[in-house]
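Novice: Here's my sequence, what's the structure:
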Amino acid sequence: MYDLSALDGFTYRTLLEVTASEDACVLWCRQNGWRWRCKKKPHADRPVEKSIRAGSFFAKSKLPLTTLLRLLYAWASHKPAKTVMDEEGVSTDTACNWYNYCRDICSAEMLASEMKIGGEGHVIEIDETSLKKKSKYGRGEVHPDRWLFGSVDRATKRWFGILVGEDRTKPTLLALIKKHVL
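Specialist: As a prediction, the model looks like this:
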């Protein structure tokens, strides 16, 4: 999990303040640990620094950092891409590409992380469902079953879902429960 406590109280007004200029934006990023500085080897009596963009997903973008941060905030706030296009003056392709990129990064991170739900006193609901594509009127191609096994914690609303294929045996599902439920 990620510690987002530094962003408590971060509002759109705050975002506009920290992205008022490129310098203010870089300063805010530096204060929040988004700029790497080597503390071991000073170079010519000053520390070696790397750009905020270096090694990040900002690296290949030509957009100003101020626009990028506003775009990311808009995506995280579920603002429509059309709104971002109008407010930030970016093209349809740019807005859609960045929204897709953010979604892809979050999806990859979620798939890679070990999601655990539940705990003492929590009620966990477990279910499996078939995601088979059905043909209309029994005609056409026969599609294979795809089974989704999932669970939800009713108290926290956290959940997970895993495609399990055809292997829905007790040992397989029990291993998934042990892996994902506290």
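Novice: Need the residue closest to the centroid of the protein.
Specialist: Closest to where the C-alpha atoms of the chain average out (C-alpha atoms, centre = their mean) is residue 106, at 2.4 Å.
Novice: Does that residue fall in a helix, a strand, or a coil region?
Specialist: helix (DSSP: H, G, I helix; E, B strand; the rest coil).
Novice: If I look at it, what pLDDT would I see?
Specialist: Looking at residue 106, its pLDDT is 86.
Novice: can you check residue 40 too?
Specialist: So, for residue 40, pLDDT stands at 59.
Novice: repeat for the one 5 residues further on
Specialist: With respect to pLDDT, residue 45 has a value of 65.
Novice: wait, doesn't residue 72 sit right on residue 102?
Specialist: Yes: between residue 72 and residue 102 there is a contact under C-beta atoms under 8 Å: 6.6 Å. Just so you know, the C-beta spots here come from the backbone N, C-alpha and C atoms, and that holds for glycine as well.
Novice: Domain ranges for this structure, per the record?
Specialist: 7-112, 124-180 (automatic domain parsing).
Novice: Tell me which residues are up against stretch 101-117.
Specialist: Contacting residues not belonging to stretch 101-117 are listed as 57, 72, 75-76, 124, 151-153, 156, 158-160, 179-182 [C-beta atoms under 8 Å, 6 or more residues apart in numbering].
Novice: Apply 6 Å and report the result again.
Specialist: 75, 153, 158, 160, 180, 182 (C-beta atoms under 6 Å, 6 or more residues apart in numbering).
Novice: and it, which residues are buried?
Specialist: Buried residues in stretch 101-117, counting neighbours by 16 or more other C-beta atoms under 10 Å, are found at 102, 115, 117.
Novice: So which of the residues you listed sit within helices?
Specialist: Residues of the buried residues of stretch 101-117 located in helices (DSSP state H): residue 102.
Novice: Between the buried residues of stretch 101-117, which sits nearest residue 32?
Specialist: Nearest to residue 32, judged by C-beta to C-beta, of these is residue 102 at 18.3 Å.
Novice: pLDDT score assigned to the closest one?
Specialist: 90.
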